[in-house]
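Undergrad: Requesting a structural model of the entry that follows:
(one chain, ligands or ions: 1)
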Amino acid sequence: MTTFLEDVPASVMDEDPYPIFERLRKEAPVAYYPGTDQWFIARWDDNMRVGTDAENFGPSQWTVAGVGPSVLSASGEQHRWIRKGIDPLLRQRPIHEYAHQHARPLVASYLDQLAPRGEAELTSEFFELISARIVGDVLGLHGIDDETRQRWFLAIADWLNQGSIGNVEVSSELTATLDELDSALEELVAEVTKKPDGTLLSTMVHAVPDGAAPKTYEELAGSIRIIIAGGFQEPGHAAASILYGLLSNPDQYADLVASDGKLVQAAVHEGLRWLPPFSSTERVTLREVEIGGVVLPKNTELCLLIASANYDESRWENPSRYDLHRPMQAHCSFGFGVHMCAGNALGRQMEHILLEELPRRLPNLRLNPDREAKTSGFLMRGVKSLSVLWDA
Ligand code: HEM
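TA: Residues are numbered from 1 along each chain as shown. Predicted coordinates:
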C-alpha cells in the first residue's frame, strides 16, 4: 500500500516531522516508509499495543551496526540480566537521594558560574554538560571531563539520529570516537571488576547468574554506549525543550516562577510530551500480525512514533501547544513495556531540579530575541540551540 510518505525525503523528517505525523494520524496511521524500510505507527493506541506486547513484537536490530549488541537490541533472559545490572541503582529511592546530595549542588554550581554572564546558548553551554556530568557520574566515568563526555554522546547520538532516517553508514570519525571511548571504558570496567564501587558500571559488571563470571567490557560495550548516547543526551535536551516551551509562552513561565515549585511537575510532564528527546523507537514483528487493519508479515520493521502518539488528538486537545495547565495524563516519552527507559526516574528528577534552580539563579530568564532557537532531529529531536538572556 503506497501513501504520501513515499515522497517524503529524509531531510524533511529531520527538519520537522510533525506535519507528517499529523497527516499520518488522520490518513495512514500504519504506513510504509521506504526511506528506512519500516512501517510507521502513528496513533497512540497502536503504539501502546505494539510497545507493550513482547509476545508478538521484539526489539529491532538496526542499532547494532553502529553501537553493537545492547540492552536495546536484546530480548528474553539476556535482556533481563542486562536490566538487572542497570535497574536497582536507578530506582526512585536511590535516585532521589543521589539527586539531592549530588545532582542539585552540581546544578547550582554550574548555574552560579554562568550567572554573571547574563546570556548563554543554554543547550550546549549548560544542559548538555550538566546532563553528561550527572548521568556520567552515576555511570562511574571518573576522570573523564565534561567536554569529552559531551563529544562522545553527541557523536553516538548523531549516528543514531542519522540512522533513524536511513543513513546508517558508520563514519571514520565515529569509529575513532568509539575507539577512544572503548579504551577509557575498558580501563574503568577492569577497575570495578576487581573492586566493585557501587557505580552503574560496577552493578552492570556484577549482575550475573550465581557462579557465572562478571561481565566483560566487550559484553557490555553496546549497552554502555546506549547509556552514554541516550542517557546523557535526553535529560539535557528534554530540559532545553521544556524551557523553550515555557519561555516561548512567557505567561506560563511567569506562572511557574510564581507557583514556588508547585507547577514544576506539570511543566516537566508537559515538556516531555510536547517535544520528546527520543522521539521514536523500533520493534520487529515476531509473527504475522494485524495492526490498525494492516496485516504485516513476520520480521517487519516497525517505527513507533512516540512524538506522534503524544499528539494523538483523541487524547490531547490542540496537541502542538505547550500548555502546562492542561490535565496531566500519561505520555509515552519513556517508551514501552520491557524496554521502557531504565533512566526515567533519574531523567525526571533532573528536569525537576533544573526547573527549580533555573529561575532562582538566572533571574528574569527570557529568550534572546536576536538568536532564534533551533530545533532538529528525527530520533534525537531537540532544541539544539537555545539562546537566552537574564539579569546578571
Ligand atoms: C528525559 C530523559 C530520558 C528520556 C525521555 C528517555 C527516553 C527513552 C526511550 C524512549 C527509550 C526507548 C524505550 C523503548 O524502546 O520502548 C529509552 C531507553 C533506555 N534509556 Fe532512556 N531516556 C531518558 C533518560 C535516560 C537516562 C538518564 C538513562 C541512564 C542512566 C537512560 C537509560 C536508558 C536505557 C538503558 C534504555 C534501554 C532500555 C531497554 O532497552 O531495556 N535513559 N529511553
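
Undergrad: ok, so what distance separates the closest residue to Tyr110 other than its chain neighbours from the ligand?
TA: In space, and not counting its chain neighbours, Tyr110 is closest to Ile130: 5.2 Å by Cβ to Cβ, 6 or more residues apart in numbering. (Each C-beta comes from the backbone N, C-alpha and C, glycine too.) Ile130 sits 12 Å away from the ligand when distances are taken as Cβ to the nearest ligand atom, to the nearest Å.

Undergrad: do Arg93 as well
TA: 15 Å.

Undergrad: can I assume that residue sits in a helix?
TA: Yes. Assignment of Arg93 by DSSP: H, G, I helix; E, B strand; the rest coil places it within a helix.

Undergrad: Can you get me a residue count around it?
TA: 8 (other Cβ atoms under 10 Å).

Undergrad: And Arg326, by the same measure?
TA: 17.

Undergrad: excluding its backbone neighbours, what's nearest it?
TA: Glu270 (6.5 Å).

Undergrad: residues in contact with that neighbour?
TA: Ile242, Gly245, Tyr322, Asp323, Leu324, Arg326, Met328 (Cβ atoms under 8 Å, 6 or more residues apart in numbering).

Undergrad: wait, His325 sits on Ala267?
TA: No. Using Cβ atoms under 8 Å, His325 makes no contact with Ala267, being 9.8 Å away.

Undergrad: Quick check: neighbours shared by these two?
TA: In contact with both His325 and Ala267: Gln252, using Cβ under 8 Å, 6+ apart.

Undergrad: okay, the two: which has more neighbours?
TA: Ala267 (24 against 11).

Undergrad: measure the residue nearest to Arg326 to Ser333 for me?
TA: 11 Å (Cβ to Cβ, to the nearest Å).

Undergrad: what number of residues lie near Leu24?
TA: Neighbours around Leu24, by other Cβ under 10 Å: 23.

Undergrad: Could you number the chain from 44 rather than 1 from now on?
TA: Right, with 44 as the first residue, what we last looked at is Leu67.

Undergrad: returning to that earlier point: how is the residue nearest to Tyr153 assigned, secondary-structure-wise?
TA: Assignment for Ile173 (three-state DSSP): helix.

Undergrad: list the contacts for it?
TA: Leu149, Val150, Tyr153, Gly279, Leu397.

Undergrad: how does it look with 7 Å?
TA: Ile173 makes contact with Leu149, Val150, Tyr153, Gly279 under the criterion Cβ atoms under 7 Å, 6 or more residues apart in numbering.

Undergrad: just checking: which of those also lie near the ligand?
TA: Among those, no residue sits close to the ligand (Cβ under 6 Å from any ligand atom).

Undergrad: chain center to stretch 87-97: distance?
TA: 19 Å (Cα atoms, centre = their mean, to the nearest Å).

Undergrad: Next: stretch 313-331.
TA: 10 Å.

Undergrad: next one: stretch 400-408
TA: For stretch 400-408, the distance to the chain centre is 25 Å (Cα atoms, centre = their mean).

Undergrad: With stretch 301-316 instead?
TA: That offset, for stretch 301-316, works out to 19 Å (Cα atoms, centre = their mean).

Undergrad: Next: stretch 232-252.
TA: Distance, centroid of stretch 232-252 to centroid of chain: 24 Å (Cα atoms, centre = their mean).

Undergrad: what's next to that stretch, contact-wise?
TA: By Cβ under 7 Å, 6+ apart, stretch 232-252 touches 124, 127-129, 131-132, 181-183, 231, 257-258, 260, 263, 266.

Undergrad: Now, those that are in helices?
TA: Among the contacts of stretch 232-252, DSSP state H puts Trp124, Lys127, Gly128, Ile129, Val181, Leu182, Leu231, Tyr260, Leu263, Ser266 in helices.

Undergrad: Quick check, the fourth one in contact with Cys384.
TA: No. Using Cβ atoms under 7 Å as the test, Ile129 is too far from Cys384 to be in contact (10.5 Å).

Undergrad: Checking Phe421 next. Helix, strand or coil?
TA: coil.

Undergrad: what's the burial count for it?
TA: 26.

Undergrad: now do Gln276
TA: Neighbours of Gln276 using other Cβ under 10 Å come to 28.

Undergrad: separation between it and Leu289?
TA: Taking Cβ to Cβ, one finds Gln276 at 20 Å from Leu289.
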